[in-house]
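K.L.:
Okay, predicted coordinates and the sequence, questions at the end:
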Amino acid sequence: MTSGNPRIYIPHTNGELTQLLRRHPDARIYAGGTGLLYPDGVRRLTLPPVLIALYGVEDLRRIARTDQHLDVGANATIRAISRVAHNVVPQLLTDTLPHIVPPGLRNLATLVGNVCTLERVMTSVPTLIALGAIVEIRRAGGGRWIPVARFHGGSTEAPLAPGEVVTRLRIPLDRYDVQLFRKTEDTRLTMAAIASGSKRTIENVRIVIGSSAATVLRNRELEAELAGRKAPLGRREINQAAERMRFAARAADPTFTSFDLYRIAGFVTTFLYRVGR
Ligand SMILES: Cc1cc2nc3c(=O)[nH]c(=O)nc-3n(C[C@H](O)[C@H](O)[C@H](O)COP(=O)(O)OP(=O)(O)OC[C@H]3O[C@@H](n4cnc5c(N)ncnc54)[C@H](O)[C@@H]3O)c2cc1C
């Protein structure tokens, strides 16, 4: 263990939390602690000098649903979200949850902690970006909402300023015709995609790929071109789209292996075959 005697604060209300953050703007937030315990893949506990643990704030444990969205508090664990009825959580997220952490950690690890790990794209991130999720950020005297994509979209600006904390994740409950999630067995790639449309016309497509890089891969030009096309797509259109995604992946990240590129193209092919069928 490093860092001699870390100071740990345990607030019990949102007000106490933001006041503590005002006094200690550089404190590290501790949710389930499973990501802090496992930084950069090194099995060594490294604690920062000041920690603010969220588990005392009961309000942040809440999972709530309206007609339009699902709200997940910063203390809601993967297990708690898994227990919410399957018809409440979007299918794409239901399919993703078992892949986020090993079963023994699901009572500790939070979905918000997964999003807030910035070093690499964690397992839930492609899914949450594909679903258009946003997060609520609070600080003493204010708050704002930003898309999850801002955490892993390649922006040079840090998503959280000193003294800020994520308090809630909001997932829109839109209707999708196709939702597909895949995590490769070697855990190198996490892929999520959604499509929706009407009267056999594709209206909306999002394909998001996560890897060990800090930003997700997305080909927005391809997504925009697919929107408006008739479904189902023909074999040639599907092959061309898969090939374009493979090119985009190779251009974006030279560390992708040929096998990674093959699996990315395969995922796009499988997904697009399902659209309109
Ligand atoms: C054995 C093992 C296997 C794992 N396997 C996987 C895997 O396959 N896929 C995967 O994605 N992850 C994996 N993880 C990493 C980790 O368990 C998950 O990312 C988990 O979801 C993190 O949630 P947490 O609540 O424990 O976050 P914490 O560890 O508490 O925090 C993680 C990071 O987010 C910040 N943070 C947390 N909450 C907030 C907040 N509300 N506001 C601002 N910042 C915040 C923390 O400061 C820290 O930097 C694994 C971990 C272990 C130990």
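P.N.:
Yep, it's here.

K.L.:
ok, and what's touching the helix or strand harbouring A248?
P.N.:
Taking DSSP states H and E as the definition, one finds A248 inside helix 235-252. With contact meaning Cβ atoms under 8 Å, 6 or more residues apart in numbering, helix 235-252 is reached by 207, 209, 217, 219, 222, 226, 229, 233, 256, 260-262, 264-266, 268-269, 272-273. For the C-beta atoms, the positions are set from N, CA and C on the backbone; glycine is no exception.

K.L.:
So which of the residues you listed belong to helices?
P.N.:
Using DSSP state H, 222, 226, 260-262, 264-266, 268-269, 272-273 are the members of the contacts of helix 235-252 that sit in helices.

K.L.:
one step back: extract the C-alpha set from the helix holding A248 and format it as PDB.
P.N.:
The C-alpha atoms that make up helix 235-252 are tabulated as PDB, following Å, rounded to 0.1, in the frame of the first residue of the first chain:
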ATOM      1  CA  ARG A 235     -25.200  -8.000 -48.500                       C
ATOM      2  CA  ARG A 236     -23.000  -5.500 -50.500                       C
ATOM      3  CA  GLU A 237     -24.000  -2.500 -48.400                       C
ATOM      4  CA  ILE A 238     -23.300  -4.500 -45.200                       C
ATOM      5  CA  ASN A 239     -19.900  -5.600 -46.400                       C
ATOM      6  CA  GLN A 240     -19.000  -2.100 -47.500                       C
ATOM      7  CA  ALA A 241     -20.100  -0.700 -44.100                       C
ATOM      8  CA  ALA A 242     -18.000  -3.300 -42.200                       C
ATOM      9  CA  GLU A 243     -15.000  -2.600 -44.400                       C
ATOM     10  CA  ARG A 244     -15.300   1.200 -43.700                       C
ATOM     11  CA  MET A 245     -15.500   0.500 -40.000                       C
ATOM     12  CA  ARG A 246     -12.400  -1.600 -40.200                       C
ATOM     13  CA  PHE A 247     -10.500   1.200 -42.100                       C
ATOM     14  CA  ALA A 248     -11.700   3.800 -39.500                       C
ATOM     15  CA  ALA A 249     -10.400   1.500 -36.700                       C
ATOM     16  CA  ARG A 250      -7.100   1.000 -38.300                       C
ATOM     17  CA  ALA A 251      -6.700   4.800 -38.900                       C
ATOM     18  CA  ALA A 252      -7.700   5.700 -35.400                       C
END
